[in-house]
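whatever this is, show me its structure:
(one chain, ligands or ions: 1)
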Amino acid sequence: MVRITIVGEGSAGLLAALIIQNKNKTAKVTVIGSDTIPVIGVGESTVGSFGNLMRTHIGIDMNEFIREVNPTLKHGLWLDFGKSDFHYTFQTAFDFQKFNKTLPEGLYFKGGNYGNNEYSKDMINRNRPNPNKLSDAFNFDNGLFLKYLKKLAIRRGIDFKEDIIKTIQREGDKVVSLNGIHKADYFIDCSGFNPLLSKEKWKSYEDTLVNDRALIFTRETGDKTRPYTKATTMNNGWLWEIDHSNRTGFGYVYSSKYTTDDNALEDVQKHLGIVIPKHRVIKFKTGRLERHWVGNVITLGNTDGFVEPLEATSLMVIGHLSIYIADIIRYGNHMGDLPEQYNDFVNTYYDNIHDFIFAHFIYNKKLDTQYWKDYRKREKLFTKDRVGNTILQHYLKNGVHLKFISHAYNETNPFGLEGWFAIFRGLDVNV
Ligand SMILES: Cc1cc2nc3c(=O)[nH]c(=O)nc-3n(C[C@H](O)[C@H](O)[C@H](O)COP(=O)(O)OP(=O)(O)OC[C@H]3O[C@@H](n4cnc5c(N)ncnc54)[C@H](O)[C@@H]3O)c2cc1C
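The predicted structure is shown next:
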């Protein structure tokens, strides 16, 4: 029986535990966490593959999930970026509306008013997810989500231990035990932004993705629950608005190199025309480890890499990688060089997501503050060898009409060609 010990009870630790146990039914999965080290408490928005992840790879009963987590549906992102604004939707469904389109335009959607036509009215009235649909993305309260995942994990026989890891016993590149008592064949480090078990170097994205703070707060939701995330260009970053069933979550994501926490608060209050009675500032770093699976230690979640809150990709990455980890662990002693292959895959995966998010910033011409002027100068870092740049060249030459570039369709590019086109089209890129 293979023993897997996961450190951390945040979204990464719990999702990994459930996915790995679901695929390795005889494995002994243990999760170690401590209430005295709180979870980060963000991670409330997902992408289109999340419904499938939960149904197929965790085997979640969606009726139960809807009852306990009370999620809202997310159909995409309304980006107040670029010269005007646009929607990046998760479904090409918009292609089938009566927009006099002669050609599909990927996931780009202009208009912004989901209540304007039959399909949209259906979406706005249908705030609750359909338990039978696979391709849903959700927004949810992170606390409710974690509570539900832990309850489910306990029901499935996953063992939870309350402990703070203070000492690590190693033999070569293998960890033998934690605190001298927790032993396992594999250790999965999901301990948050400061890696506990990994000694790998951090490859920072700070030169290209400069944001390192989020000022978060909540307000009561208005009459309608918007079935998308709204992202607005701000003087020194951007602001998210996410409608949950009972409240709206806000987050001003900015760079401490360009503004202070106090000025960011003033900026967002002015922008919304309100006084924010209570808020929290979260510090984060963008980048990834250079290797993710070394010896018997695998890193996952914020410990492993973080790109940016924009496009809400982390839970997708955690889920996707947990599936691979579960599969590779099944090979046991026969895994050969799969961990090295895994490391290459994960590096490309994070770097491609990085490029996609980077393109949102360098081509955004909405504001002319120093922050945005500097971003536009960083365009030279979107180099020709990047997959995103190849897609850009295709877009500039052919426009948005062909769903055909072979390397745009591989698993390290989760946005596909349509996602990239939506951004180039929406930001009106014509370099
Ligand atoms: C501003 C911001 C917004 C974000 N928004 C989104 C979003 O909308 N969508 C999305 O997909 N992702 C988002 N993310 C990423 C999100 O934070 C992660 O997807 C997710 O929360 C994973 O966190 P984690 O489990 O890695 O770490 P954490 O939630 O920090 O959990 C760490 C765990 O490790 C435990 N731990 C730490 N040290 C020890 C120790 N010594 N001994 C024992 N236990 C220990 C802690 O107790 C805790 O349980 C966002 C991130 C930021 C910074």
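
show me the contacts for Leu236.
Actually, residue 236 is Asn rather than Leu. Asn236 makes contact with Tyr254, Ser255, Tyr258, Thr259, Asn263, Ala264, Asp267, Thr369, Tyr371, according to Cβ atoms under 8 Å, 6 or more residues apart in numbering. Bear in mind the C-beta positions are built from the backbone N, C-alpha and C, glycine included.

who does the first one bridge with?
In other words, Tyr254. Beta-bridge pairing of Tyr254 under DSSP bridges involves Arg213, Gly237.

show me the contacts for it.
Tyr254 touches Asn211, Arg213, Ala214, Leu215, Met234, Asn236, Gly237, Ala264, counting by Cβ under 8 Å, 6+ apart.

can you pull the pLDDT of it?
We have a pLDDT of 98 for Tyr254.

thought Asn22 was touching Arg330, still the case?
No - the pair Arg330 / Asn22 is not scored as a contact, 11.9 Å apart, by Cβ atoms under 8 Å.

the more surrounded of these two?
Asn22 (19 against 14; other Cβ atoms under 10 Å).

surely that one touches Thr56?
No - using Cβ under 8 Å, Asn22 is not in contact with Thr56; the gap is 9.5 Å.

measure the residue nearest the centre of the chain to Met54 for me?
Most central in the chain under Cα atoms, centre = their mean is Thr313, positioned 1.9 Å from the mean C-alpha point. Per Cβ to Cβ, to the nearest Å, Thr313 is found 16 Å from Met54.

same thing with Leu79?
On the measure of Cβ to Cβ, Leu79 and Met54 end up 26 Å apart.

quick one, which of those two is more surrounded?
Leu79 (28 against 23).

list the contacts of the residue of the stretch 251-400 of the chain found nearest the ligand.
Closest approach of the stretch 251-400 of the chain to the ligand (Cβ to the nearest ligand atom) occurs at Gly301, with a separation of 2.4 Å. Gly301 sits next to Gly8, Gly10, Ser11, Ala12, Gly13, Ala16, Cys190, Gly192, Ser314, Ile318 when contact means Cβ under 8 Å, 6+ apart.

6 Å instead, please
Residues near Gly301 by Cβ atoms under 6 Å, 6 or more residues apart in numbering: Ala12, Cys190, Ile318.

give me the nearest residue to it, chain neighbours excluded.
Spatial nearest neighbour of Gly301, excluding adjacent residues (Cβ to Cβ, 6 or more residues apart in numbering): Ala12 at 2.5 Å.

mind checking pLDDT for the one you found?
pLDDT for Ala12: 98.

would you agree it is in contact with Ile298?
No - the pair Ala12 and Ile298 fails to qualify as a contact (Cβ atoms under 6 Å) at a distance of 10.9 Å.

and the pLDDT at Gly273?
97.

residues near it, how many?
6.

pLDDT weak spots in the stretch 1-150 of the chain?
91-135 (pLDDT under 70).

residue in it nearest to the ligand?
Gly10 (2.4 Å).

can you list phi and psi of that residue for me?
With angles defined as degrees, to the nearest 10, Gly10 sits at phi -80, psi -170.

got it, and Leu272?
According to degrees, to the nearest 10, Leu272 has phi -90, psi -10.

ok, it - contacts?
No contacts exist for Leu272 under Cβ under 6 Å, 6+ apart.

one step back: the contacts of Gly301 also near the ligand: which ones?
Applying Cβ under 6 Å from any ligand atom to these, one finds that Ala12, Cys190 fall near the ligand.

correct me if wrong: the residue of the stretch 1-150 of the chain closest to the ligand contacts Gly41.
No - applying Cβ under 6 Å as the test, Gly10 and Gly41 come out as separate, 8.7 Å apart.

quick one, helices of the chain?
11-23, 50-52, 62-69, 118-125, 142-155, 261-272, 314-331, 338-362, 370-377, 387-398, 416-426 (DSSP state H).
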